[in-house]
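A.B. asks: Sequence and predicted model, in that order:
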Amino acid sequence: MDYNHTSLEKKWQKFWADHQTYKTSDSHQKPKYYVLDMFPYPSGAGLHVGHPLGYIASDIFSRYKRLKGFNVLHPMGYDSFGLPAEQYAIQTGQHPAVTTEVNINRYREQMDNIGFSYDWSREVRTSDPAYYKWTQWIFMKLFDSWYNKESDKAEPIETLIAKFAASGSAAIQAVSDEDVSVFSAEEWTSFGEEQQQRELLKYRIAYLRESTVNWCAALGTVLANDEVINGVSERGGYPVEQKKMMQWSMRITAYADRLLQGLDTVDWPEPLVEMQRNWIGKSVGASVKFPVPQLGTAIEVFTTRVDTIFGVSFVVLAPEHELVSALTTPGQKAEVEAYIEKTSKKSELDRMADTKTVSGAFTGSFAKHPISGQDVQIWIADYVLAGYGTGAVMAVPSGDQRDYVFAKHFGLEIIPISDTQHIDEAADPNKDGKYINSGFINGMTYQEAVPALIAKLEELKLGKAKINFRMRDAIFGRQRYWGEPVPVYFKNGLPYLINEEELPLLLPEVDKYLPTESGEPPLGRAKGWKYEDQYEYELSTMPGWAGSSWYWFRYMDPKNEGNFAAKEAVDYWKAVDLYIGGSEHATGHLLYSRFWNKFLKDLGYHNEEEPFRKLINQGMIQGRSSFVYRVLDAEGRGTNQFVSYGLKDDYNTIPLHVDVNIVSNDILDLEKFKNFRPDFANAQFVLEQGKYICGSEVEKMSKSKFNVVNPDDIIASYGADTLRLYEMFLGPLEQAKPWNTNGIEGVYKFLRKVWRLFHDAEGNFAVSAEEPSKAEFKALHKIIKKVEEDIERFSFNTSVSAFMICVNELTDLKCNKRQILEQLIIVLQPYAPHITEELWNLLGNEAGTLSYAAYPVFHPEYLIESEFAYPVSFNGKMKFNLSLGLDLDQKAVEDTIRAHADVQRHLDGKPIKKIIFVKGKIINIVV
């Protein structure tokens, strides 16, 4: 019987599905281990060979943990709300649910073909009403909560209402909007319902307010910062502009400190941790107010260098700042409005990234310096962002390079403030000297000046010490159809929650998936969609990150209709032990998930401060593109002639991408190439030794480069076990590496070698019950030890090499001993589950039990060497090897050497002057 991967793999995939081999036990007797992949958005393209890399790694680890006696939770589902399905719906009229279902079925088929050990009975889909009922429920909890600074956690809004009723708002320590009112208990009680609700909205963790957003007109929606690249949408490359809109937001900033502190407790890649730290961006400094008497208000700024306040020569506002219009004088109006229009075309990320362009506009107005009282010009510039801090900065050209460049460009004053500053060519931010030109802090050091200035500002009621964060509250809404409906209706312009018993609030049917003619989101098209037939529902849907911000909990108890997960399940599974996914989610999903996790902990629904204990970012598998070389005529036009790679320099050619699936070992299939494109049908070739050799280049895998390799094709030719082993063999999990099908044949041959260990030359199953030799035990225990160590440190590629060495050694030893082979396939099973399941069954074991066998115990005594083959040299020239016991001392070795026939032959009667002996290394005879 030969190794037939196709029939063998289909057989065991059907067996595992029919018998639910990987269904996670509900028993809590065993220690638990929770392995999770970032669930995919099911796109129409399906999986290419780069996508399963992380899935294969997590599957190997899950299978290994089962062998080590753990109850493993290894689920899979789909992040199935998303823009692509909606864009397709807009183009075709097909409901996004239909498109999504087709795509999910394709994904499932491909994942089943690779032999993953997912517990599919726990599958979740974010677009399933039974799932998004609980996403809506969490939103309702967020809406009905506030963040109490005193307890440093979220609490139900009822506790805030009780505080208002008992003692008013003056002593409330809360994370809230800036414009909260101060009122007594009596005043609170006297407020009408609407006034109370308006005030509470300023405290709710999920709240509604006017925000500056990234508006993409072509997509008809607001985009998150991480969805905007270089001023255009990540999807489609459409223009994005800054726009003010009423938007739902989440008060993630309440959790900023806890989000920072939690990063010290998780085992995550340091670059990703650093990305989150920078995104959160904690700054310790001061809040300072620059009075604007003509408006009866003040411009508030946050600074980390209050010591430089006497170096302020102008104030800069974000173009979107609420005071810009009022501050702009008639003579500056045209210039300011033109500048605002120009800035609206840039995303915040672009504005932060562009450090070279200097631009701005003077408003024509002045503020008062908070301490000196001098007039300070007020400018607008795009390097100041409305959403960061207060949307205004105090400009100190002598100490800040961006302010320095701005001042030089516009001819503004640059005031030196330290006796150690050197500002002839650039700003100098050093804190080493003593202050000059700085009023009452002249002569002070930095350590002396900061507290003195804070005290002075507090005395003047124009400033105070403050901690600031770069991170903004998260926009929580999309003007799209295909997303979770927000469970809110409006009464007199104020938001109210629907009743919990009314969840889920289902997506209504609409005639088209476009905004209404009046510019409302697509849900505005729903006929008669009103709460209690009279109140307008919220027409925005939740953002793409909503459903993925809690999904790991649902896997713990996916069918529960009364809770998002039962307390017993949450208490047992706790947090995800191993999470594998891409680093592109660092400041999106991974931040929002941590936020929601902490919020749910605050309300007592679980006890884990962090959701993901260990995180691994798998590297990208890049495409290996293939090229043909088209010969150009004298006018530079393409001809029908194509020249092989090694001869292209003899011709005037242009490289063209060619489908890698018609190239094997860089050799082009000429007939398939002629069918590749109609204009290639009459192609003529200049060959090398009868073959057309293609050029190659490593690039991102994409359809446009014709370098996408479908895992289905690899599995058809070589099998899923080969694909699994080869993806691991390509290199370390975390590193990017190119896909090169040329090397896959070697892995396939390895599996055939494994198969032949169990079969004789005629293909008959032939395993012996004989006692293994010492060398066979050594080969086995080397691989037991190596694989255990490699998997524990996620070094999967080195295990594949070790398997190959082990099988070669056992083949050379002609090993067919059951004691060796049965343990070998247990060790190999996480990597190649199909072939090992078949061989396990052929050994007489019950089908399906391999996954829950015990990982072999490593016995170090099998690796202890009792003998060593010493190279024996004469005057430094090696003549032969001699095996001697490692327990022999110098005298015993010398006695053996002098008496050995081969030594006597090489001496040829000459006397031995000296014997140099190094135990376990060499023997050198000096004659």
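C.D. replies: Received it, and whenever you're ready, just let me know what you need. Owing to the predicted nature of the structure, the values given are computational and were not obtained by experimental measurement.
A.B. asks: hey, let's count contacts and neighbours off CA atoms from now on
C.D. replies: OK.
A.B. asks: residues of stretch 327-342 that come out buried?
C.D. replies: Residues of stretch 327-342 classed as buried: 327, 328, 333, 336, 337, 339, 340 (neighbour count, 16 or more other Cα atoms under 10 Å).
A.B. asks: Wait, a helix at the fourth one?
C.D. replies: Yes: inclusion of residue 336 in a helix is indicated when DSSP: H, G, I helix; E, B strand; the rest coil is applied.
A.B. asks: where in the stretch 801-927 of the chain is pLDDT low?
C.D. replies: For the stretch 801-927 of the chain, no stretch is flagged by pLDDT under 70.
A.B. asks: sorry, back to before: which two of the buried residues of stretch 327-342 lie the greatest distance from each other?
C.D. replies: Maximum pairwise distance among those (Cα to Cα): 14.7 Å, between 327 and 339.
A.B. asks: Any buried residues in stretch 764-780, and which?
C.D. replies: Across stretch 764-780, burial judged by 16+ other Cα under 10 Å covers 765, 766, 767, 772, 776, 777, 778, 779, 780.
A.B. asks: So the fourth one sits against residue 820, correct?
C.D. replies: Meaning residue 772. Yes: at 7.1 Å, residue 772 and residue 820 qualify as touching, with contact defined as Cα atoms under 8 Å.
A.B. asks: Contacts for the helix or strand hosting residue 790, please.
C.D. replies: According to DSSP states H and E, residue 790 maps onto helix 774-792. Helix 774-792 is contacted from outside by 61, 64, 796, 798-799, 802-803, 806, 809-810, 813, 815, 820, 823-824, 827, 856-860, 862-863, using Cα atoms under 8 Å, 6 or more residues apart in numbering.
A.B. asks: if we go to 6 Å?
C.D. replies: Identification of contacts with helix 774-792 by Cα atoms under 6 Å, 6 or more residues apart in numbering yields 799, 806, 858, 862, 863.
A.B. asks: Spatially nearest residue to residue 272 (excluding sequence neighbours)?
C.D. replies: Leaving aside its sequence neighbours, residue 272 sits nearest to residue 586 (Cα to Cα, 6 or more residues apart in numbering; 6.1 Å).
A.B. asks: per-residue confidence for the one you found?
C.D. replies: Note on residue 586: pLDDT of 87.
A.B. asks: can you count the residues close to residue 245?
C.D. replies: Counted with other Cα atoms under 10 Å, residues neighbouring residue 245 total 14.
A.B. asks: Can you tell me the SS state at it?
C.D. replies: Residue 245 - assigned by three-state DSSP - is strand.
A.B. asks: Which strand residues bridge it?
C.D. replies: Beta-bridge partners for residue 245, by DSSP bridges, are residue 211.
A.B. asks: again with residue 657
C.D. replies: residue 627.
A.B. asks: Please tell me how far it sits from residue 193.
C.D. replies: In this view, residue 657 and residue 193 are 67 Å apart by Cα to Cα, to the nearest Å.
A.B. asks: for residue 426, same thing?
C.D. replies: Residue 426 is 57 Å from residue 193, by Cα to Cα.
A.B. asks: what about these two, which has more around it?
C.D. replies: Taking neighbours as other Cα under 10 Å, residue 426 and residue 193 compare with residue 426 leading, 16 against 10.
A.B. asks: quick one on the thing from earlier: inside helices: which ones of the contacts of helix 774-792?
C.D. replies: Here DSSP state H is the test, and the contacts of helix 774-792 give 799, 806 as lying in helices.
A.B. asks: Got a quick PyMOL command for the buried subset of the contacts of helix 774-792?
C.D. replies: Filtering the contacts of helix 774-792 down to the buried ones (16+ other Cα under 10 Å) takes a single PyMOL command:
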select buried, resi 799+806+858+862+863
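A.B. asks: how about the contacts of helix 774-792 in CSV, adding distance to residue 92?
C.D. replies: Compiled in CSV, the contacts of helix 774-792 are given as follows (distance: Cα to Cα, whole Å):
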residue, distance to residue 92
799, 48
806, 56
858, 60
862, 67
863, 66
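A.B. asks: Ramachandran coordinates for the residue nearest to residue 272?
C.D. replies: Torsion angles at residue 586 (phi, psi; degrees, to the nearest 10) stand at phi -60, psi -50.
A.B. asks: What is the burial count for it?
C.D. replies: Around residue 586 there are 19 residues (other Cα under 10 Å).
A.B. asks: quick one: average pLDDT of stretch 549-559?
C.D. replies: Mean pLDDT, stretch 549-559: 98.
A.B. asks: what's the next secondary structure element after the lowest-mean-pLDDT helix or strand in the chain?
C.D. replies: Lowest mean confidence among the helices and strands of the chain (mean pLDDT, DSSP states H and E): strand 221-223, at a mean of 74. Next in sequence after strand 221-223, counting helices and strands by DSSP H and E, comes strand 228-229.
A.B. asks: and that next one, which strands flank it?
C.D. replies: strand 232-233 (antiparallel).
A.B. asks: Give me the residues contacting stretch 183-191.
C.D. replies: Here stretch 183-191 makes contact (Cα under 6 Å, 6+ apart) with 164, 165, 166, 167, 168, 169.
A.B. asks: How many residues are close by the last one?
C.D. replies: This points to residue 169. Counted with other Cα under 10 Å, residue 169 comes out at 21.
A.B. asks: ok, now how distant is it from residue 202?
C.D. replies: 12 Å.
A.B. asks: okay, how far is it across stretch 809-817, tip to tip?
C.D. replies: 13 Å.
A.B. asks: swap that for stretch 701-716, sorry
C.D. replies: End to end - Cα to Cα - stretch 701-716 spans 21 Å.
A.B. asks: Report the buried residues of that stretch.
C.D. replies: 701, 705, 706, 707, 708, 709, 710, 711, 712, 714, 715.
A.B. asks: which residues are contacting that stretch?
C.D. replies: With Cα under 6 Å, 6+ apart, stretch 701-716 has contacts from 48, 49, 622, 623, 625, 657, 658, 659, 660.
A.B. asks: Please repeat the previous calculation with a cut-off of 7 Å.
C.D. replies: The contact list for stretch 701-716 (Cα atoms under 7 Å, 6 or more residues apart in numbering) reads 6, 47-49, 110, 622-625, 657-660, 723.
A.B. asks: just the residues you listed now: which is nearest residue 294?
C.D. replies: Taking Cα to Cα as the measure, residue 294 sits nearest to residue 622 out of the contacts of stretch 701-716, at 60.7 Å.
A.B. asks: does the closest one sit in a helix or strand, and which one?
C.D. replies: strand 621-632.
A.B. asks: ok, back up a step: strand partners of the least confident helix or strand of the chain, parallel vs antiparallel please.
C.D. replies: strand 206-216 (antiparallel).
A.B. asks: avg pLDDT for the strand it pairs with?
C.D. replies: Across strand 206-216, pLDDT averages out at 83.
A.B. asks: Can you list the buried residues in that strand?
C.D. replies: For strand 206-216, burial by neighbour count (16+ other Cα under 10 Å) applies to 206, 207, 208, 211, 212, 213, 214, 215, 216.
A.B. asks: and it, how far out from the chain's middle?
C.D. replies: Relative to its chain's centre, strand 206-216 lies at 25 Å (Cα atoms, centre = their mean, to the nearest Å).
A.B. asks: quick one on the thing from earlier: same list (the contacts of stretch 701-716) but as TSV, adding neighbour count.
C.D. replies: Formatted as TSV, the contacts of stretch 701-716 follow (neighbours: other Cα atoms under 10 Å):
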residue	neighbour count
6	14
47	20
48	18
49	20
110	19
622	20
623	25
624	23
625	26
657	18
658	24
659	22
660	24
723	26
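A.B. asks: which one of the residues you listed sits closest to residue 483?
C.D. replies: Relative to residue 483, and with distances defined as Cα to Cα, the nearest of the contacts of stretch 701-716 is residue 47, at 23.3 Å.
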